[in-house]
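K.L.:
Here is the input, now give the coordinates:
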Amino acid sequence: MVLTEDFIEEDIVAQHCDILSFAELQGDFYCLTRETLEDVWRAFNDWIDSRFDACKGVHIATFATITWETCTNTRNQSRVRPVLLLSDTFIKTYGLQQRKPLTAPQLASLEDINFTKIAIKFSKNLTKDLVFCGIRDMLQKIGEVAGTGTPVSIEFNVGRLIAKNRCVSMIFDPLKFPRGLEDQITRSMIGSPPSALGNLTDFDILPEDLVDYNYPQREDPLRARPDRARDSLDQHAFETDGQEALPTHRSNPENVISLDVSLEAELQQFGVAGASPTKENPVLESAYRRHIARLVDEVEREGRYAFDEQLQQKRDLETMALESKMRRLCAEDLQRHLVSQMEERRSQRQHERQQHKATDPAASSFYSDSEQTRLGFDDRDFVRKTKHELKMQLQQQMHQKEQERQDNRQKTLQDDKMFLHRLRNEIDEIQQKQEQEREERRRVLTDAWHRDSAVKKLVETKKKQRAAEQIRQEGIALSPARSNYFPSLPQPMTPRLVQSPRTGDDFSVGFDIRSVAGD
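P.N.:
Have a look, this model is predicted:
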């Protein structure tokens, strides 16, 4: 039996028939009926759609992250692809499995779940507490059912959640992708988590395809017939011949592992290493099933990786072949254009020659009907001449293009030289102007210094003259009739203060007569 969202909703309603979910903040009581759960699930999917259409993702901390991943293909082109990343809490709580990417993926911007926003924007009669309780119970029930190994198929708006043997993946529907991202979405799943793109009907799990690995199964007598073709479930059947071949792409004799050898390590873990492989033992059966499951998972991963790599290589080869074809077509078009030009010129010359013959009687001559043959248009020399003309025209065009390229380069160099010359002249003018400004500043400072020095000297002279005048006036006032004991000696110009001789003069060391006489 495949569990779907309808079964999960019925189970949740059965659990809540006697237990009421309540809002702790408001104190109101709510009953999660089937209609309420359907409204909650519809609002939850509408919220995911609104973010997915904007090329952004959603993050549910207790469940998973559904978003876009930016990747680069072998041609170094950026592409985006949808991914599902289960949270570590969800995986550890319910014992699930998911293949992690080898490197940290480049994810689009995420929006954390907001129950208030979902209730207000994406529903009409739901409240925040109803949305919270409904999403919590449904995600919890999905984890519990998927943790038991039961096949689960849950329909989302963007795809379908598939869980089988505790492995969870998301099958995205390409028809639900936004049209603006069609050119950027890639179908390559190399190095990505176990999410895929494809038709959702191809991933439906039928009841007859289910295999329960927790309990041994009896062999179907229809499958035991030798004339019946083996199906996809026969690879999980218990082999009794003691040999199991690994269905891998590696051609190695070691891929054929004996049953005794493959189960020896499993038996040693449980302390029953000496047990016989043929003996009925639940530990042996469970170990063998785990071993087969690991082999199948490894083969599936290698097959997906090899298929994606081959598909990408095929696309690269097709792209290179298309580019080569386009270059060849362009070359053929150029050649046809040149041939048509030559034919037009030849026909024009022929027409001019005929016009000349028609107007000039001297140039007229009697040619037969096969004029082209008589003129030599069908012989080898004419073909060689035509090839030579074609070659000369090609060379002339190449020479003309090369000459134009050289002229352009010469013109560019000339422009650069003129620009450098103007730049050098401007720099010289700027330097000359700066030098003139420095000289002018130096001259102004020198003139100012000279004026200041002259003023200082004049002030000093004035001070000395005033001092001399004052001393002279004081000397005349003190001694109006001074006797001159040395009339023959020249008299000093500076008036001196004449004092009466004193007997108590101190002529000791350091005495200066100028301190008394004045100088």
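
K.L.:
count of neighbours near residue 293?
P.N.:
Counted with other C-beta atoms under 10 Å, the neighbours of residue 293 add up to 16. To be clear about C-beta, it is placed using only N, CA and C from the backbone, and glycine gets the same treatment.

K.L.:
Ok, residue 176 next?
P.N.:
With other C-beta under 10 Å as criterion, residue 176 counts 15.

K.L.:
Ignoring the adjacent residues along the chain, who's closest to it?
P.N.:
Nearest non-adjacent residue to residue 176, counting by C-beta to C-beta, 6 or more residues apart in numbering: residue 158, 5.3 Å away.

K.L.:
so who does that neighbour touch?
P.N.:
45, 48-49, 52, 66, 82, 172-173, 176 (C-beta atoms under 8 Å, 6 or more residues apart in numbering).

K.L.:
In terms of pLDDT, where does residue 335 sit?
P.N.:
pLDDT recorded at residue 335 is 90.

K.L.:
thinking again about what came up before, adding pLDDT and distance to residue 294, write the contacts of residue 158 out as CSV.
P.N.:
Formatted as CSV, these follow (pLDDT from 0 to 100; distance: C-beta to C-beta, whole Å):
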residue, pLDDT, distance to residue 294
45, 93, 35
48, 92, 33
49, 90, 37
52, 86, 34
66, 91, 28
82, 87, 28
172, 85, 27
173, 81, 30
176, 76, 34
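
K.L.:
filter those residues to the buried ones?
P.N.:
45, 48-49, 52, 66, 82, 172-173 (16 or more other C-beta atoms under 10 Å).

K.L.:
residue boundaries of the strands in this structure?
P.N.:
Along the chain, counting by DSSP state E, strands occupy 21-22, 29-30, 57-59, 64-72, 78-86, 106-107, 110-112, 152-155, 159-164, 167-172, 195-197, 243-245, 256-258.

K.L.:
Adding distance to residue 133, write the ones you listed out as TSV.
P.N.:
Formatted as TSV, those follow (distance: least, C-beta to C-beta, whole Å):
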stretch	distance to residue 133
strand 21-22	4
strand 29-30	7
strand 57-59	19
strand 64-72	19
strand 78-86	22
strand 106-107	29
strand 110-112	18
strand 152-155	19
strand 159-164	21
strand 167-172	23
strand 195-197	28
strand 243-245	49
strand 256-258	50
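
K.L.:
Can you tell me which of the ones you listed has the worst average pLDDT?
P.N.:
Looking at the strands of the chain, the bottom one is strand 21-22 with a mean of 32.

K.L.:
So, low pLDDT: which residues of the stretch 351-500 of the chain?
P.N.:
359-379, 477-500 (pLDDT under 70).

K.L.:
That one: helices as residue ranges?
P.N.:
Ranges of helices in the stretch 351-500 of the chain, per DSSP state H, counting those that start in this stretch, are 371-374, 380-478.

K.L.:
Of all the ones you listed, which one is nearest residue 98?
P.N.:
Taking C-beta to C-beta, helix 380-478 is the member of these nearest to residue 98, at 59.5 Å.

K.L.:
can the buried ones among the contacts of residue 158 go into TSV with extra columns for distance to residue 303?
P.N.:
Converted to TSV, these look like this (distance: C-beta to C-beta, whole Å):
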residue	distance to residue 303
45	32
48	30
49	32
52	29
66	26
82	22
172	20
173	23
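
K.L.:
wait, which of those is closest to residue 130?
P.N.:
Nearest to residue 130 among the buried ones among the contacts of residue 158, counting by C-beta to C-beta, is residue 45 at 15.8 Å.

K.L.:
Next, work out how far apart that closest one and residue 314 are.
P.N.:
Using C-beta to C-beta, to the nearest Å, residue 45 is found at 36 Å from residue 314.

K.L.:
cool, and residue 396?
P.N.:
44 Å.

K.L.:
What of residue 70?
P.N.:
Plainly put, residue 70 is 23 Å away from residue 314 if you go by C-beta to C-beta.

K.L.:
Could you check which of these two is surrounded by more residues?
P.N.:
Shown here are residue 70 and residue 314; by other C-beta under 10 Å, residue 70 has more neighbours (13 against 10).

K.L.:
thought the more buried one was touching residue 77?
P.N.:
No. At 11.2 Å, residue 70 and residue 77 do not qualify as touching, with contact defined as C-beta atoms under 8 Å.

K.L.:
Can you spell out the domain ranges of this protein, please?
P.N.:
Residue ranges for the domains of the chain, per automatic domain parsing: 5-209, 241-320.
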